[in-house]
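> give me the fold of what follows.
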Amino acid sequence: LPAGLALTIVVADNNPVSQREAYVEPALRGMPWPVVYGHEPNAGYSNARNKAIELAMGIEADALLFVDDDMIVDPGWLAAHLRSLEHFGGDVVNGRIFGIRERFPHGAKLEKCGAGNVSFRRHLVDPAGLGLRFDPAFNKTGTEDQAFFRAATAKGADIRQSDWPQIFNYYGRAEMPEDEGINKMLVTASMHQNEVARVRA
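Presented below is the predicted three-dimensional model:
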């Protein structure tokens, strides 16, 4: 943790029944930072992310970061996000996932991005700022993150790609297992199909 920086971990538990005692607290035991926990029983990508934002609004935070729950962060991940936000002077930083094809170069300006490895300034979600939230229409289909950041861009937000903040899939630096590759392709295909169906509707 960079000197002079305060960190709070926010956990949005998106299970029908709270898993705080069974899973969350044992996983966080011994953490040197404060943890804010919230239970969102209504399943959905947007519901979970909006719960996290709701909890974060009670913290005096200048920047918010999302990372997917099946990822491992690089030891320098947090510092790299903060460095990127300051270096580019923008509103949003999209980091790298190790081993995933790099579509955009370091520093590129993006129209949208995902939320698996992202940092953004508080004003995007603060009621006194843009007041953005993730659209519940995407709860079951995914791509809620891309819709969110596309809306941010439409309101003037600057999104930048950065090579510095890096996260890893559970298999680390090893080659992607075949079953994981197949799973990712099926999930991606399903999300694209859902997006096309929604546009047609």
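> where exactly do the strands run in the chain?
9-13, 35-39, 63-67, 71-73, 92-97, 109-110, 117-121, 159-169 (DSSP state E).
> between the fifth one and strand 159-169, how many degrees?
The directions of strand 92-97 and strand 159-169 differ by 30 degrees, with axes from the mean of the first three to the mean of the last three C-alpha atoms, to 10 degrees as the criterion.
> now the top helix by length along the chain: mean pLDDT?
Secondary structure of the chain per DSSP state H: the longest helix is helix 178-200. The average pLDDT within helix 178-200 is 77.
> nearest approach to E195 belongs to which of the strands of the chain?
With C-beta to C-beta, the closest approach to E195 among the strands of the chain belongs to strand 109-110: 17.7 Å. C-beta coordinates here come from the backbone N, C-alpha and C atoms, glycine included.
> show residues contacting the closest one.
Identification of contacts with strand 109-110 by C-beta atoms under 8 Å, 6 or more residues apart in numbering yields 94, 104, 149, 153, 158-161.
> repeat that for 10 Å
Contacts with strand 109-110, where a contact means C-beta atoms under 10 Å, 6 or more residues apart in numbering, come from 88, 90, 92-94, 103-104, 149-150, 153, 158-161.
> of the residues you listed, grab the buried ones for PyMOL.
The buried residues among the contacts of strand 109-110 can be selected in PyMOL (16 or more other C-beta atoms under 10 Å) with this line:
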select buried, resi 88+90+92+93+94+149+150+153+159+160+161
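> lowest pLDDT pick from the contacts of strand 109-110?
At the low end of pLDDT for the contacts of strand 109-110 is R103, which has 88.
> can I get the contacts of strand 109-110 in JSON lines with distance to G131?
Converted to JSON lines, the contacts of strand 109-110 look like this (distance: C-beta to C-beta, whole Å):
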{"residue": "F88", "distance to G131": "23"}
{"residue": "G90", "distance to G131": "19"}
{"residue": "V92", "distance to G131": "16"}
{"residue": "V93", "distance to G131": "20"}
{"residue": "N94", "distance to G131": "21"}
{"residue": "R103", "distance to G131": "29"}
{"residue": "F104", "distance to G131": "27"}
{"residue": "F149", "distance to G131": "15"}
{"residue": "R150", "distance to G131": "16"}
{"residue": "T153", "distance to G131": "16"}
{"residue": "D158", "distance to G131": "18"}
{"residue": "I159", "distance to G131": "18"}
{"residue": "R160", "distance to G131": "22"}
{"residue": "Q161", "distance to G131": "25"}
